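Chemist: Next one to model:
(one chain, ligands or ions: 2)
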Amino acid sequence: MSLDSPSIALVGAGAMGGALVRGWIEAVRKGGGLTLTVVEPNFDPELERELDAVGAVLNPPDPGPVDVVVLAVKPQTFAAAAEATRKFVGPDTRVLSIMAGVTIDTLCRELNATRVIRSVPNTPARIGRGVTAYVASPACTEEDRALIEQLLEPLGTVEPIAAERLMDVVTAVSGSGPAYVFLLAEVLAAAAEQEGLDKDTAMRLASRTVAGAGALMLETGETASTLRKQVTSPGGTTEAALDVLASADGLGPLLRRAVSAAAQRSRDLGKR
Ligand SMILES: NC(=O)C1=CN([C@@H]2O[C@H](COP(=O)(O)OP(=O)(O)OC[C@H]3O[C@@H](n4cnc5c(N)ncnc54)[C@H](O)[C@@H]3O)[C@@H](O)[C@H]2O)C=CC1
Ligand SMILES: O=C(O)[C@@H]1CCC=N1
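Modeler: Ligands and ions are numbered 1, 2, ... in the order given. I've put the predicted structure just below:
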């Protein structure tokens, strides 16, 4: 998809803000344009070069209120960043936040905004394979939602969420979720080492297994449950392992506690 030449002010361009910029660069390559103001002490010079190469306007003088303000600083930094952000917000500006926990109410109040979208991307966005969930304030129009989806689509799939109260669990599942999967690869490799494999072979086998299983699920469209059953021969090795993982103190209750802790942290971040 191309970009309909929006003017954007991006506040914070680290891992996730940088991924957004990379996605927009790819979109502009396909057509349209972009006027981008970046508020970031350490903006990646490679992104500056790429923006220039696709003909985007970077850091125009006196940008004033823009079409979209994107907040991609840490939630703990928001209060400090808010003051410098207000000058980009006018009556027609949409505010798109990717900050964990920060509520639509807080964003409206701190930025004098009404058309606010709170979203949760995840790190596979770096390769366009992320999933971004979002919820819009009541003042947002259909056009606002369409514009925001256009800005998020380069990151991967986009999921509208029905109610803001669900954004904490969304953050705990898809926002933080990649870390759980990477941890799975790490602990699988550690277990392999304990059973006698050398460190490098263990890590290669574990990471290819996690990556291959994820790709299989994505590319076949089959459910996780179906694919799990395909691996599990009656009386076989997988069954022996799953008896442990699915036990009363196994992976299910453990992840239930982990997701609950992450959702609670998201709520707490919103109270600061
Ligand atoms: N990393 C992840 O997996 C996800 C992160 N998020 C949210 O995305 C936001 C950004 O996270 P990351 O990109 O991972 O963090 P990051 O630390 O990579 O990026 C934050 C950037 O903000 C910049 N910054 C700090 N103070 C600033 C200020 N006053 N004005 C402008 N820029 C300032 C920093 O230099 C840094 O580059 C966070 O709010 C986080 O909750 C949401 C979903 C997933
Ligand atoms: O850990 C965090 O707070 C952020 C939000 C979701 C993923 N990373």
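
Chemist: Surely V95 is in contact with I117?
Modeler: Yes. Using Cβ atoms under 8 Å, V95 makes contact with I117 at a distance of 7.1 Å. To be clear about C-beta, it is placed using only N, CA and C from the backbone, and glycine gets the same treatment.

Chemist: is ligand 2 contacted by stretch 12-28?
Modeler: No. Stretch 12-28 lies out of reach of ligand 2 by Cβ under 6 Å from any ligand atom, never closer than 8.2 Å.

Chemist: Would you mark the buried spots in that stretch?
Modeler: By 16 or more other Cβ atoms under 10 Å, the buried positions in stretch 12-28 come out as 12-13, 16-28.

Chemist: now stretch 218-225, how far from the chain's geometric center?
Modeler: From the chain centre to the centre of stretch 218-225 is a distance of 21 Å (Cα atoms, centre = their mean, to the nearest Å).

Chemist: near ligand 2, which residues of the stretch 1-150 of the chain?
Modeler: Residues of the stretch 1-150 of the chain found near ligand 2 (Cβ under 6 Å from any ligand atom) are A100.

Chemist: downstream neighbour of the helix or strand hosting I8 in the secondary structure list?
Modeler: If you go by DSSP states H and E, I8 is part of strand 3-11. Going down the chain from strand 3-11, the next helix or strand is helix 15-30, by DSSP H and E.

Chemist: And that following helix, what does it pack against?
Modeler: strand 3-11, strand 32-39, helix 45-53, helix 142-152 (3 or more Cβ pairs under 8 Å, 6 or more residues apart in numbering; DSSP states H and E).

Chemist: Next, the angle strand 3-11 makes with it.
Modeler: 160 degrees (axes from the mean of the first three to the mean of the last three Cα atoms, to 10 degrees).

Chemist: Check the offset of helix 15-30 from the chain's centre.
Modeler: 13 Å.

Chemist: Outside of it itself, list whatever touches it.
Modeler: Outside helix 15-30, the residues that touch it by Cβ atoms under 8 Å, 6 or more residues apart in numbering are 1-3, 8, 10-11, 13, 34, 36, 38, 40, 44, 47, 50-51, 54-56, 70, 72, 98, 121, 123, 125-126, 128, 130, 150-151, 153-155.

Chemist: and the stretch 1-150 of the chain, which of its residues are near ligand 1?
Modeler: Neighbours of ligand 1 within the stretch 1-150 of the chain, by Cβ under 6 Å from any ligand atom: 11-17, 39-42, 72-75, 77, 80-81, 98-100, 120-123.

Chemist: Buried only: go through those residues for me.
Modeler: With neighbours counted by 16+ other Cβ under 10 Å, those contain buried members at 11-13, 16-17, 39-40, 72-73, 75, 81, 98-100, 120-123.

Chemist: List the neighbouring strands of the helix or strand V95 falls within plus their orientation.
Modeler: Using DSSP H and E, V95 sits within strand 94-97. In the sheet, strand 94-97 lines up against strand 68-71 (parallel), strand 115-120 (parallel) (DSSP bridges).

Chemist: how about those strands in JSON lines, adding mean pLDDT?
Modeler: Below are the strands paired with strand 94-97 laid out as JSON lines (pLDDT from 0 to 100):
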{"stretch": "strand 68-71", "mean pLDDT": "98"}
{"stretch": "strand 115-120", "mean pLDDT": "98"}
